[in-house]
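S.K.: Quick one, what's the 3D model for this:
(chains A and B)
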Amino acid sequence: MALLKSLILRNAFLITHRALVSTIRPSSNASVVEDDDAPVEMENPFKKERVQCILCKLNITPDYKNYRLLSQFQSPYTGRIYGRHVTGLCKSKQALVEAEIRKAQNCGYMPYYYKDKTFLKDPKLFDPENPIRSHRF
Amino acid sequence: MPSYELALMLRAMPKGELKKTLTRISHAIFNRGGIIRNIENLGFREMPYKTSSHGLVHREANYFVFKIDTATQAVADLKEENSRDVDIIRQRVFKVQEDKQHLSCTLPEELLPPAYRAEVQKMIEVGKTQVNRFTYKFKYNSGLDYYPFQK
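M.R.: Alright, predicted model coming up:
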């Protein structure tokens, strides 16, 4: 008899508990409206800065008469023009640099197979040993 | 009249002769209705490679750049006349590029992984429209009564 009583009691408690929960819910929703801890619309604070190539950043248009600048994109060993994966230029600027180097070489301002020895100690714009994109060579 | 740049290499010579040569070149331009905007002297220096012209080997030269405005038709004529000039080692004519509006750098888009690059996506789209040569198998019921490839 005592066991039956306790069972009924437990059941009754469960029912009342459910009822309690159902009554609490709407009241909790109402409290959200006046919550000042809600997320705020804002710009992504972790957004990375837009990277630019060195010629775009400094707003330089390569010119065939400025062969000292152009020689910085040339290998000191073979005189070949470094590729985009080494120079880190954007496509349009790289194309422009290559075209202007060809012009300068053709005009006799710049050598084809070596770099002018007076420009060998010029500051390095990039490191050919650590290209921005890996390559086979 | 479009703008041109006339890049000249003049042989090593004394100042008086150089002056005469420059006036001769200028008069050739004026005679064809052209105008000279600027003459730049890039100096007398050793050439990066020896050049032979008019039967002589030159190792150093006077570098000059003429900025001229002239009719397009006159350019070939000017070049021909300069090519006959023994004092000119080499001449090149370039059209001056108009200042393009500065486009923003496309480097960040180029540095994306291949799958996110627009040109790669386009390439994949094109590839999807092509017949895959590796999986394509000739069907014998295609209407031809012979096998068109080598067996």
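S.K.: any idea which helix or strand carries residue B:79?
M.R.: Using DSSP states H and E, residue B:79 sits within helix B:72-84.
S.K.: same question, residue B:123
M.R.: Counting by DSSP H and E, residue B:123 is found in helix B:118-129.
S.K.: same check, this time on residue B:64
M.R.: Using DSSP H and E, residue B:64 falls within strand B:56-69.
S.K.: tell me what that strand is packed against?
M.R.: With contacts taken as 3 or more Cβ pairs under 8 Å, 6 or more residues apart in numbering or on different chains; DSSP states H and E, strand B:56-69 sits against strand B:3-11, helix B:15-31, strand B:35-53, strand B:88-95. Yep, even glycine has a C-beta here, placed from its N, CA and C like the rest.
S.K.: Which of the ones you listed has the highest mean neighbour count?
M.R.: For the helices and strands packed on strand B:56-69, the largest average neighbour count (mean count of other Cβ atoms under 10 Å in any protein chain shown) is found in strand B:3-11, namely a mean of 22.
S.K.: Quick check: buried residues in the helix holding residue B:79?
M.R.: B:74, B:75, B:78, B:81, B:82 (16 or more other Cβ atoms under 10 Å in any protein chain shown).
S.K.: Any chance of those residues in a markdown table with pLDDT and distance to residue B:29 as columns?
M.R.: Formatted as a markdown table, those follow (pLDDT from 0 to 100; distance: Cβ to Cβ, whole Å):
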| residue | pLDDT | distance to residue B:29 |
| --- | --- | --- |
| B:74 | 93 | 8 |
| B:75 | 94 | 10 |
| B:78 | 94 | 7 |
| B:81 | 94 | 10 |
| B:82 | 93 | 10 |
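S.K.: Out of these, which is nearest to residue A:103?
M.R.: residue B:75 (16.4 Å; Cβ to Cβ).
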